[in-house]
Every structure is written in structure tokens, then in C-alpha cells.
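make a model of this:
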Amino acid sequence: MFFYYKQSVYNIEFPKHTAKQGSPLKISHIIKIEGNLIAKALHYQHNFNTFIDVGASEGLWTINMAKYFEHVIAIEPYPLAYEILKKNTKSLSNVKIIHHALAQKAFKKYKMITGPSFNIGMTKRLNDFALLDRQMLEKLGSKIFYCKAETLDSLEIKNVDLIKIDAEGEEKNVLKGAKETIEKFSPQIIIDN
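Residues are numbered from 1 along each chain as shown. Below is the predicted model:
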């Protein structure tokens, strides 16, 4: 599908594999929004060494940035999305996938909640006191799971030029854990909230 930004045209691919139920890529306005964001990000990007996709989900940003960047690091904590992401990127030799969450500090057991059955893209850190999280668990079929969490800085990634963060409300904490990386490389940062 082609997306236009200013005088440029970008062919945005959509992942071949998606969740049978609850894929955000099956929501038409999400496709338009994300496609336009990718085109805009590419238009303004000047260096193409390393792209980091925090909250990679099924891999929309990952597979498209892999066409332009030398290295792509995709980070996804949710096991279902991680398995789909692996399928969508198995032929991309410049993509490395990390299966845990990012946070402001390391956690051995990071408590998370799956997105509701209609949108796995809403997977997030669980806030035991948040009404929305309680409703997701009680009424929308969400489940609790645990994963490891690290800081972006602890990954020691080199030559970072662009970071996309879609962490469902934890973006500020991801940035706190990326302070050294940001200071060292001054990457462009896209925050989806």
C-alpha cells in the first residue's frame, strides 16, 4: 500500500501473519494512521544505522524499517505477539528480536496484562489500582502474565538513529531507562500514546 508524505512516496508493507483475533492491523483506521506515521518518519530520517522498535507487536514498523536501516532491534514482551513477530521477520537478516519489556529499571518479574481479545496491541504493564486494568481483566478477557524487563541502556545498542516507542502508557519510564542511549546518539524519537 502506498503512502505519500510531501513529495515522497513510500510502499508500506503489512505483516503477512497477524493474530487470528485481536490484531490491531485489522482495524482500518490503524492501518492509515500507522502507514502515514511510517512515511513521515522515513521522510525526516537522515541516518539509517539502527532503528529500535519498542512495542513491536506483529512487526509493522519492524518490517518496513528493515528495508531502510542497517540494523533493526524489535522489542516485544507479549508471547503471542512475539511469536507472530518472529514469523513476520524470519527472512530479515538485519532484524534482532528481544522478548521482554523495557522499563526505567530492570525487573526479573514484570507484571503485565494482555490487551483485550479485540486488540492485542493494548498489552501493557499492569496497574493493580487502575479501573481500566481491572475492567480489562474482569470484562474484556485480558490475562495477567509476567516477563523480564530491562532498560534500553542495558542493551548497549550502538549507533541508534531512530526509536519508536509504543508502550501503552509506559513511554516515560522507557525513556528514563534510555537516558544514556539518548544522550550518546541523539536519535529521533517517535512516541505513540
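
show the pLDDT at the residue nearest the centre of the chain.
Per CA atoms, centre = their mean, the C-alpha nearest to the average position across the chain is that of Gly55, at 2.3 Å. With respect to pLDDT, Gly55 scores 95.

that one and Asp166 touch, don't they?
Yes: counting by CB atoms under 8 Å, Gly55 does reach Asp166; the two are 3.7 Å apart. (Each C-beta comes from the backbone N, C-alpha and C, glycine too.)

what do these two both touch?
Both Gly55 and Asp166 are contacted by Asp192, under the criterion CB atoms under 8 Å, 6 or more residues apart in numbering.

circling back: check contacts around the residue nearest to the centre of the chain.
75-76, 164-168, 192.

strands of this structure, start to end?
Per DSSP state E, the chain carries strands over the ranges 2-5, 8-11, 50-54, 71-75, 95-98, 101-102, 107-113, 124-125, 144-150, 160-165, 188-191.

and these, which one is worst for confidence?
Among the strands of the chain, strand 124-125 has the lowest mean pLDDT, at a mean of 80.

so what are the sheet partners of that one and their directions?
Here strand 124-125 has these sheet partners by DSSP bridges: strand 107-113 (antiparallel).

now the strand it pairs with and strand 144-150, what's the angle there?
Angle of strand 107-113 versus strand 144-150, following axes from the mean of the first three to the mean of the last three CA atoms, to 10 degrees, is 140 degrees.

which of the residues in strand 107-113 are buried?
107, 110, 112-113 (16 or more other CB atoms under 10 Å).

stretch 179-192 too?
In terms of neighbour count (16+ other CB under 10 Å), stretch 179-192 has its buried residues at 181, 185, 187, 189-190, 192.

chain center to it, what's the gap?
Per CA atoms, centre = their mean, to the nearest Å, the displacement of stretch 179-192 from the mean C-alpha position of its chain is 15 Å.

shaky segments in the chain?
By pLDDT under 70, the low-scoring segments of the chain are 118.

turn the strands of the chain into JSON lines, including distance to His17.
Formatted as JSON lines, those follow (distance: least, CB to CB, whole Å):
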{"stretch": "strand 2-5", "distance to His17": "21"}
{"stretch": "strand 8-11", "distance to His17": "19"}
{"stretch": "strand 50-54", "distance to His17": "16"}
{"stretch": "strand 71-75", "distance to His17": "14"}
{"stretch": "strand 95-98", "distance to His17": "14"}
{"stretch": "strand 101-102", "distance to His17": "22"}
{"stretch": "strand 107-113", "distance to His17": "22"}
{"stretch": "strand 124-125", "distance to His17": "22"}
{"stretch": "strand 144-150", "distance to His17": "21"}
{"stretch": "strand 160-165", "distance to His17": "20"}
{"stretch": "strand 188-191", "distance to His17": "24"}
